[in-house]
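1. Any chance you could fold what I've pasted below:
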Amino acid sequence: MTTKKKKGKKRLTTAQKRARREAKAERHRKYMWVFMNGKQVRIKRPQTIDGINVDEFITQNADPIWLHQNEMWEYIDEDDSDLCEVKELE
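-> Alright, predicted model coming up:
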């Protein structure tokens, strides 16, 4: 009886390796791993703008008029109310 040789694993081409690496990097950017009920689960990452959480970015950069137009009254500071007062010209 003759024994057959097993075929080795097929190696990936450089283009396939690059595509696989890019897909992995994209998944890493989109998702993160957390534990829920004792199991490891992949969930979408929260949205960020310039590496800052969206809510923090809005509170730092939005003006009171924009916040009022978009019904985000909880982010309006009480200290900014003096901007709306009419000041008399000297």
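2. center of the protein, which residue is that?
-> Q47 (3.1 Å; Cα atoms, centre = their mean).
3. low-confidence ranges in the chain?
-> Residue ranges of the chain with pLDDT under 70: 1, 79-90.
4. so who does the residue nearest to the centre of the chain touch?
-> 53-54 (Cβ atoms under 8 Å, 6 or more residues apart in numbering). Where C-beta positions appear, they are placed from N, C-alpha and C, glycine not excepted.
5. what sits up against the longest helix along the chain?
-> Ranked by residue count under DSSP state H, the longest helix found in the chain is helix 14-30. With Cβ under 8 Å, 6+ apart as the test, helix 14-30 has contacts from 12, 44-45.
6. can you do 7 Å?
-> The contact list for helix 14-30 (Cβ atoms under 7 Å, 6 or more residues apart in numbering) reads 44-45.
7. helices or strands up against the helix or strand following it?
-> Once the chain leaves helix 14-30, the next helix or strand it forms, by DSSP states H and E, is strand 31-36. For strand 31-36, the packing partners by 3 or more Cβ pairs under 7 Å, 6 or more residues apart in numbering; DSSP states H and E come out as strand 39-44.
8. Only alpha carbons, please: show the strand it packs on as CSV.
-> Extracted in CSV, the C-alpha atoms of strand 39-44 (Å, rounded to 0.1, in the frame of the first residue of the first chain):
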residue,chain,number,x,y,z
LYS,A,39,-19.9,36.3,28.5
GLN,A,40,-17.6,38.2,26.3
VAL,A,41,-19.7,40.2,23.7
ARG,A,42,-18.8,42.4,20.9
ILE,A,43,-20.7,45.8,20.8
LYS,A,44,-20.4,48.9,18.6
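9. and the angle from that strand to strand 31-36?
-> 140 degrees (axes from the mean of the first three to the mean of the last three Cα atoms, to 10 degrees).
10. Okay, domains of this structure per the record?
-> Following automatic domain parsing, one finds the domains of the chain at 15-45, 47-84.
11. out of those domains, nearest to T2?
-> The closest of the domains of the chain to T2 is domain 15-45. By Cβ to Cβ, the value is 33.9 Å.
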